[in-house]
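> Pasted the sequence and its predicted model underneath.
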Amino acid sequence: MLECGMSDRDRQALKRRSADLCKQLVVDELLVQSLQADSILTESMAESILAEQTSQKRSWRLLLLLPKRGPRAFSSFISALKETEQQHLSDLLTESPERDAENLHPEEEPEGKSGQLVMERTEKKRERVGDSSLPLPTQEEVSVKRQRTQESMEFSLDADSPINTPVLPCTPDFYLSHCQQSYRMNSSPRGFALVISNVTFDSHAASDLDPRKGGEVDDEVLRKLFTELDYRVTVHRDLTAQGMRNCIEEFCRCLGHQTVHSCVVCLLSHGVDGAVYGTDGQLLQLDWVFKSFNNAHCPLLQNKPKMFFIQACRGEEMDCGVEQMDGPVRTSSLSCEQRDAGREGQGESQQRGALGIKPRIKLPQRSDMICGFASLKGTAAMRNTKRGSWFIQELNSALRLRSRDTHLADILVQVNARIKEREGYAPGTAHHRCKEMSEFTSSLRKDVYLFPKYQPQY
């Protein structure tokens, strides 16, 4: 049983720093779980905090609860901050009031000849932190390091850490009520997953492509995620463009695809619109990748869902966002151009029927695919140098928490919603409050439910 309330001194420390905490605190599953493990938060409290849609709202709700959660709540909160790599906030809360005039602030540092824009956390003492004239910080604390002129640029930001929550299991009732109208998904393993992650690039052949710091976090997150979703995962790191082609061709030829119900391909690298870079600075065209998995080249995966996730820039344009205006959302009329393709070859099919020849079922060249992109065409993707990219973070979180009862297309819509909320933090630069917008394309003809941790008994 918690004793009522925390000490006056601790309550005053929280109150004194509440504005800074609301702006800078990252309240994710890891921090909340730490407080739950110390019996500071109940399960219902944790759920109510994580249900909030923005980082500031989650922070505000937590700060309202903490003073009422007993004398251990403050020390437990300090420990949770350290565990989630928010030591700067821990120091802020435990320092004496006389030192209130100092705080962390990002600064701009030029680096390197290529002028790549890389955003990384730096520390700088500032004389006043309560200055309301400062731009509103968000959950990303960044500083500009380089401005990249090549199209292969990728921005690196500090952000939330990947969640470690176990994949939530599907229930038997949910499986029985959804398995008939969705793709078959009960093989074990569910399928094979290929992850190609280019982190370090050839300094001679690709001198303009800097290391993708944090990329190694992404491939490890994906390995753990899809392993837990019952995929047999293979990770390849730092391949040339030809090496990537060879790896994909070998994966497509794998005879094991015949006995499983899906496959996953993840490509993580620098990129441009329609292609990703090998470590040798050569491009691998995404259209070639998709063709490799089409119904002609990969017959063992015909009529099975093929899932692709691309973490790479699709151009050099920085999305600086726009101010949202009040009022109704503007809509535009959709063009309605139809093509009557169903009549082509009609005479031929009637002739074959008259001769008693039963035609074989034909498939389109490419079908049953869904591909999630980290960014829109022409725009850059965001990557955290310590905790991985925004897109992979949100994909990991959504699949762990939602795949038990949500099909993949809706999960990617939820990822889009989370990415839309995120902002970079680099006051004094053109990239302050920078944005990213993910998207996905689909030729699926059914819902893809992964039915995690459920295996039907026959």
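That came in fine, so what should we check first?
> What distance do you get for residue 79 to residue 58?
As judged by C-beta to C-beta, to the nearest Å, residue 79 and residue 58 stand 19 Å apart. For the C-beta atoms, the positions are set from N, CA and C on the backbone; glycine is no exception.
> wait, residue 247 sits on residue 240?
No. The pair residue 247 / residue 240 is not scored as a contact, 10.2 Å apart, by C-beta atoms under 8 Å.
> more neighbours, those two?
Neighbour tally, residue 247 and residue 240, criterion other C-beta atoms under 10 Å: the higher count belongs to residue 240, 20 against 15.
> what about residue 188, neighbour count?
Other residues close to residue 188 by other C-beta under 10 Å number 10.
> what about it, which helix or strand?
Counting by DSSP states H and E, no helix or strand carries residue 188.
> what's the answer for the one 4 residues further on, then?
With the criterion set as DSSP H and E, the secondary-structure element containing residue 192 is strand 191-197.
> After that strand, heading C-terminal, what element do we hit next?
Elements were assigned by DSSP H and E; along the chain past strand 191-197, the next helix or strand is helix 215-228.
> what's that next one packed up against?
In terms of contacts (3 or more C-beta pairs under 8 Å, 6 or more residues apart in numbering; DSSP states H and E), helix 215-228 is packed against strand 191-197, strand 231-237, strand 262-268, strand 382-384, strand 388-389, helix 390-402.
> Kindly present those as CSV, with separate columns for mean pLDDT.
What follows is these, written out as CSV (pLDDT from 0 to 100):
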stretch, mean pLDDT
strand 191-197, 98
strand 231-237, 97
strand 262-268, 98
strand 382-384, 82
strand 388-389, 90
helix 390-402, 94
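> closest to residue 317 out of these?
Closest to residue 317 of the helices and strands packed on helix 215-228 is strand 382-384 (C-beta to C-beta; 13.1 Å).
> Tell me how far that closest one lies from the chain's centre.
Averaged C-alpha coordinates place strand 382-384 at 10 Å from its chain's average position (C-alpha atoms, centre = their mean, to the nearest Å).
> Check which helices and strands that strand is in contact with.
strand 155-156, helix 215-228, helix 390-402.
> Pairing partners for that strand, with directions?
Here strand 382-384 has these sheet partners by DSSP bridges: strand 155-156 (parallel), strand 388-389 (antiparallel).
> Which helix or which strand is home to residue 44?
Following DSSP H and E, the helix or strand that holds residue 44 is helix 43-50.
> can I have that helix written out in CSV, keeping just the CAs?
Extracted in CSV, the C-alpha atoms of helix 43-50 (Å, rounded to 0.1, in the frame of the first residue of the first chain):
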residue,chain,number,x,y,z
GLU,A,43,-1.9,-1.0,-14.8
SER,A,44,-4.9,1.3,-15.4
MET,A,45,-2.7,4.4,-14.7
ALA,A,46,-0.1,3.1,-17.2
GLU,A,47,-2.7,2.5,-19.8
SER,A,48,-4.2,6.0,-19.4
ILE,A,49,-0.8,7.6,-19.8
LEU,A,50,0.1,5.7,-22.9
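> how about that helix: buried residues?
For helix 43-50, burial by neighbour count (16 or more other C-beta atoms under 10 Å) applies to 45, 46, 49, 50.
> Any regions of the protein where pLDDT drops low?
Scanning the chain for pLDDT under 70 picks out 1-4, 96-163, 325-359, 425-432, 458.
> what's the domain layout of it?
Listed by automatic domain parsing, the domain ranges of the chain are 8-99, 155-319+367-442.
> And these: which comes nearest residue 456?
domain 155-319+367-442 (5.3 Å).
> Reformat the domains of the chain into CSV and put distance to residue 452 next to each item.
What follows is the domains of the chain, written out as CSV (distance: least, C-beta to C-beta, whole Å):
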stretch, distance to residue 452
domain 8-99, 17
domain 155-319+367-442, 5
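> Deepest in the core, which of those domains is it.
Highest mean neighbour count among the domains of the chain (mean count of other C-beta atoms under 10 Å): domain 155-319+367-442, with a mean of 20.
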